[in-house]
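Asks: Okay, structure incoming, though there's no sequence with it:
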């Protein structure tokens, strides 16, 4: 019976460790269901400088009654923007939960940018937002009935919202 030499055992163990680390990175980062790049940012609307209204010339048939005052313009708020991508990650023992729940995310008007699994201890369903996207994170949480919203942490992707499913789904 042949016994492998010491260097062969060391190299084999190193290969196994590197492969396990790579697999861990892939699982933590999640898989992407789309090869599309993130949506481009919308340019800020520009306001044109108002042009003065032409001055009316008086005519002989002009009535002496005052012209009606223009009604005040109503200001309407822009609808909330749901343009951030959302990674949906499963942190439960339920198989394919992220994939099935992503339909609910898309149904609320969000773009699902990937699904996968999350390994770690997350106590309840949580929406994580990268810098500058707190309002979007809070809107996603409100849309889905999730009460926990926190800033993103490494190794989460910082170009999208991350939804980690860790508890019962409503």
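Replies: Yep, that arrived. For clarity, every value in this text was computed on a predicted model and none was experimentally measured.

Asks: low-confidence ranges in this protein?
Replies: 1-4, 11, 18-80, 169-170 (pLDDT under 70).

Asks: Identify the residues contacting the nearest residue to residue 133 once chain neighbours are set aside.
Replies: Here the nearest residue to residue 133 in space, its sequence neighbours aside, is residue 84; by Cβ to Cβ, 6 or more residues apart in numbering that works out to 5.7 Å. (Each C-beta comes from the backbone N, C-alpha and C, glycine too.) Residue 84 sits next to 110-111, 133, 136, 140, 160-161 when contact means Cβ atoms under 8 Å, 6 or more residues apart in numbering.

Asks: what's the distance between residue 84 and residue 128?
Replies: Residue 84 sits 12 Å away from residue 128, going by Cβ to Cβ, to the nearest Å.

Asks: what touches both of those two?
Replies: What both residue 84 and residue 128 touch, as defined by Cβ under 8 Å, 6+ apart, is the set residue 161.

Asks: Can you get me the start-to-end distance on stretch 99-116?
Replies: For stretch 99-116, the first-to-last residue distance is 8 Å (Cα to Cα, to the nearest Å).

Asks: err, stretch 91-105, not the other one
Replies: Rule used - Cα to Cα; the end-to-end distance of stretch 91-105 is 17 Å.

Asks: ok, and for that stretch, which residues are buried?
Replies: Within stretch 91-105, the residues scored as buried using 16 or more other Cβ atoms under 10 Å are 91-92, 97-98, 101-102, 104-105.

Asks: the strands in the chain, which residues?
Replies: Counting by DSSP state E, the chain has strands at residues 85-90, 111-117, 126-129, 149-151, 161-165.
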